[in-house]
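1. the following block contains a protein sequence and its predicted model.
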Amino acid sequence: MLVLGVMSGTSLDGIDLALCHFSGFGPINYEILYAETIEYDREWREELSNLYMRDGSYLCSMNIHYARLIALQIQNFLSKKEVIEILKSRNTQNSDLLISSHGHTVFHEPDTGLTLQIGHGAVIMAMTKCHVICDFRSQDVALGGQGAPLVPIGDELLFGEYDACLNIGGFANVSLKIDGKRRAWDICPANIVLNRWAARLGDTMDRDGKYSQTGRLIREILDQWEHLEYYQKKGPKSLGREWVESIFLENVYESVFNPRDLLHTAVEHIARRIAADLPSSGRVLVTGGGAYHPGIINRLKQLTSAEIILPDKWLIDFKEALVFGLMGYLGWHNKINVLSSVTGAEKDHCSGVIFKNQNF
């Protein structure tokens, strides 16, 4: 089955599109056939970063407008020569394709029963004439779970040969087996804070660590971060932008400290927190944009005796889109795609809202 995984993360890099093929269920075979990241322009990046402060009416309208953006990017993706040839070689029409869309998270406060990902699936279905499955988090929160992380279903079914799977995106999160059960949790903020302070220097990210490596450690800030209450909690647990805004992105930091120093201190903090949550040995698969940050990876290698494994570029960049494609594949076939051992929900379940293309 061909599935187009669509992912937008909290780091606001852009929309990841991964055309994947899945077959079977025990085991599941997969292949990334073609993938691309569509970067947000400055207007969309600012819009999405400020959405959490908007009123309900505005959020409802953006749910539609953002869905239109996703749909337009999917249409452009499907019109590429390479993609057309792939679909033709597999005797697949656009109308047979399943789009599995995560949407973009505006709020995530599972302890209050609140999570919101915009990008309405009905709009995407109507514009692309493809089947769509979306809204994977709401059901888990309703069942008492954290609604995150969701990617560990892919770690369990596709990457079980690794002792741990680490993703360094907007947030860093880890997935591993403990006492025979898959466990996972958000470790700490990562690119969501690095990108913010890189923006103060006129850039979109701390590319290759070029800003953080010229900064100095702010010891008093590092000590504050290292002793945050969240790090003392046991999983299941997850992080949202609201928590990051209140603790890491307060204006007081930005008005007092040099952004290079904040970046340098954040890199040290990220590496320390990740190392504290990794197993003491074994093979760790590392993906997400943070896998390209030499400061984080080199410091992590110093802090842990586990083997840090960086896979090929497509897996680093598109693992989350791949796994949301997997979740769509499982959801379409009414198979479990969310693990309660990870999220803390009352049971394993099959999540996602389906919009069929109605034979357009």
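-> Looks like it came in fine.

2. pull the number of nearby residues for Gly160.
-> Residues lying near Gly160 (other CB atoms under 10 Å) number 13. The way it works is simple: take the backbone N, C-alpha and C, and place the C-beta from them, glycine included.

3. how about it, secondary structure?
-> Here Gly160 is recorded as coil under DSSP: H, G, I helix; E, B strand; the rest coil.

4. confirm that Ala172 sits in a strand.
-> Yes - using three-state DSSP, the secondary structure at Ala172 is a strand.

5. I figured it hits Gly289, correct?
-> No - using CB atoms under 8 Å, Ala172 makes no contact with Gly289, being 10.8 Å away.

6. so where's the chain uncertain?
-> Scanning the chain for pLDDT under 70 picks out the ranges 251-252, 359-360.

7. show me it divided up by domain.
-> 2-148+319-355, 152-314 (automatic domain parsing).

8. just the buried residues of the helix or strand where His21 lies, please?
-> Per DSSP states H and E: His21 is located in strand 14-23. If you call a residue buried by 16 or more other CB atoms under 10 Å, then strand 14-23 has these buried ones: Gly14, Ile15, Asp16, Leu17, Ala18, Leu19, Cys20, His21, Phe22.

9. and which of these is nearest to Ile297?
-> Asp16 (20.7 Å; CB to CB).

10. any idea how far the closest one is from His227?
-> According to CB to CB, to the nearest Å, Asp16 and His227 sit 34 Å apart.

11. cool, and Lys347?
-> 35 Å.

12. cool, and Asp13?
-> 30 Å.

13. who has more neighbours, the two?
-> Asp13 (21 against 9).

14. Glu39 is in contact with the more buried one, correct?
-> Yes - between Asp13 and Glu39 there is a contact under CB under 8 Å: 6.7 Å.

15. tell me how many other residues crowd Arg273.
-> Other residues close to Arg273 by other CB under 10 Å number 20.

16. any idea how far it is from Val323?
-> Per CB to CB, Arg273 is found 23 Å from Val323.

17. show me the contacts for the residue lying closest to Pro27 once chain neighbours are set aside.
-> The shortest distance from Pro27 to any non-neighbouring residue, by CB to CB, 6 or more residues apart in numbering, is to Leu157 (7.4 Å). Contact analysis of Leu157 by CB atoms under 8 Å, 6 or more residues apart in numbering lists Pro27, Ile28, Leu326.
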